[in-house]
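>>> Need the 3D shape of this:
(one chain, ligands or ions: 2)
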Amino acid sequence: METIIGTDINLAQQFLEQGNVIGIPTETVYGLAGNALNEEAVLKIFSVKNRPYFDPLIVHTHSLDEVTKYTQQVPQRALDLMEAFMPGPLTVLLPRQSCIPDLVTSGLETVAVRIPNHPLTLSLLKQLAFPLAAPSANPFGYISPTTSYHVYDQLHGRIPYILEGGATEIGVESTIVGFENNQAVVYRLGGLAIEEIERVVGKVLVQTNTSSDPKSPGMLKSHYAPRKRLVLTDAFDITDDELSRVGVIAWDKKVLGVPDHHQIVLSEKGSLKEAAKHLFAAMRTLDETDVDYIIAVRVPDVGLGRAINDRLKRAAA
Ligand code: TXA
Ligand code: MG
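Ligands and ions are numbered 1, 2, ... in the order given. Next up is the predicted model:
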């Protein structure tokens with residue numbers, strides 16, 4: 001199968017209406033999208049990604065009105081959050097309507113819904129008569145793609161089309177929030193900072209650690225990982241002998257002694273937003289060099305920094 005990269009949403013629509021899966025841009029990472037109401041299309045998503053069926057998918061749509069078609073018993077706090085941050089890097093878990101196939105939710109009674117904030121994908125969603133199930137467009141366990149080329153690199157020949165939407169603005173996946181008796185619980189740290197969420201719904205619980213709980217979304221201990229070994233550290237401390245063989249993901253300044261082409265500074269001006277945007281591309285770039293392993297330096301653990309450190313920790317596991 002030939003894989004075309006282009007900006008034609010009508011062509012994208014045609015492929016999706018025929019039950020194909022395609023790459024789509026969002027503001028967080030690129031997704032691998034198919035008709036969420038068509039089991040055959042959803043099966044294709046799992047097989048192209050090599051994803052286990054126990055890992056449920058996010059349903060993407062274009063408006064809050066649409067969200068109500070796929071969900072029910074929406075708590076007030078969920079409504080408040082959705083009104084504040086959708087479209088945006090937020091996914092909410094809500095009781096599902098029966099039109100959502102079991103395959104999408106892995107049999108769970110909740111469905112994950114999100115309105116991605118990307119102009120091209122929002123236009124596409126508005127043209128479609130169905131929502132899109134879309135996991136990140138990477139082989140299971142690998143780093144999420146933040147450009148169309150990342151998607152092409154790993155999935156070409158397996159999908160007919162990738163909608164070109166530029167490098168993604170946010171760079172880490174959406175924050176996933178569920179509700180237990182109207183109390184907000186964060187199951188995956190992501191592109192919407194906890195501080196922002198708490199401004200709207202008050203104190204939240206953060207439950208991102210357990211790896212066996214099916215409610216703890218895709219938070220497998222090891223995930224988002226490059227092929228090379230990655231070590232996460234607070235302070236840089238290696239022998240002279242290692243300096244020439246190590247790749248470095250640095251926070252805001254280079255590490256003395258490591259060759260320039262073996263290190264990537266996430267944000268010279270110390271912006272967590274910029275660092276998040278560059279994180280996954282940095283992992284990919286160093287994965288493709290000839291270094292023996294990669295060392296990443298932990299970033300400040302506030303705002304988006306928490307999601308960055310979370311991804312680094314999983315990449316290192
Ligand atoms: O930013 C994002 O969320 C990207 C873009 C493409 O939208 N998507 C994404 O999808 O990261 P994925 O499949 O890589 O991660 C979604 C996570 C999965 O780990 C899954 O376990 C969790 O959401 N999830 C989905 N439905 C769930 C449910 N009903 N209950 C608990 N977790 C759920
Ligand atoms: Mg993923």
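>>> thought residue 26 was touching residue 166?
No: taking contacts as Cβ atoms under 8 Å, residue 26 lies outside contact range of residue 166: 11.2 Å. Backbone N, C-alpha and C define where each C-beta goes, glycine included.
>>> And the two? Which one has more around it.
Taking neighbours as other Cβ atoms under 10 Å, residue 26 and residue 166 compare with residue 26 leading, 30 against 12.
>>> got the contact list for that one?
Taking Cβ atoms under 8 Å, 6 or more residues apart in numbering, we find residue 26 in contact with 60, 116-118, 121, 134, 165, 168.
>>> Look up which helix or strand it falls in, please.
Secondary structure from DSSP states H and E places residue 26 outside every helix and strand.
>>> Count the neighbours of the residue nearest to it when sequence neighbours are not counted for me.
Excluding the flanking residues, the one nearest residue 26 by Cβ to Cβ, 6 or more residues apart in numbering is residue 116, at 3.8 Å. Per other Cβ under 10 Å, the neighbour tally for residue 116 reads 29.
>>> gap between residue 116 and residue 7?
Going from residue 116 to residue 7 by Cβ to Cβ, to the nearest Å gives 16 Å.
>>> Give me the below-cutoff pLDDT ranges for this protein.
Within the chain, the ranges that satisfy pLDDT under 70 run 210-222.
>>> Near ligand 1, which residues of it? Just list them.
Within the chain, the positions near ligand 1 by Cβ under 6 Å from any ligand atom are 26, 28-29, 31, 55-58, 91, 93, 105, 108, 110-112, 114, 116, 134-136, 173-174, 176, 215, 217-218.
>>> Where strands are concerned, which of these count?
31, 58, 91, 93, 110-112, 114, 176 (DSSP state E).
>>> longest helix of the protein?
Longest helix in the chain, counting residues (DSSP state H): helix 272-287.
>>> For that helix, name the packing helices and strands.
Counting contacts by 3 or more Cβ pairs under 8 Å, 6 or more residues apart in numbering; DSSP states H and E, helix 272-287 is packed against helix 148-155, strand 246-250, strand 263-265, strand 293-297, helix 304-316.
>>> Output those as CSV; include the columns mean neighbour count and distance to residue 226.
Formatted as CSV, the helices and strands packed on helix 272-287 follow (neighbours: other Cβ atoms under 10 Å; distance: least, Cβ to Cβ, whole Å):
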stretch, mean neighbour count, distance to residue 226
helix 148-155, 20, 12
strand 246-250, 24, 9
strand 263-265, 20, 12
strand 293-297, 22, 7
helix 304-316, 23, 6
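>>> All good on my end, thank you.
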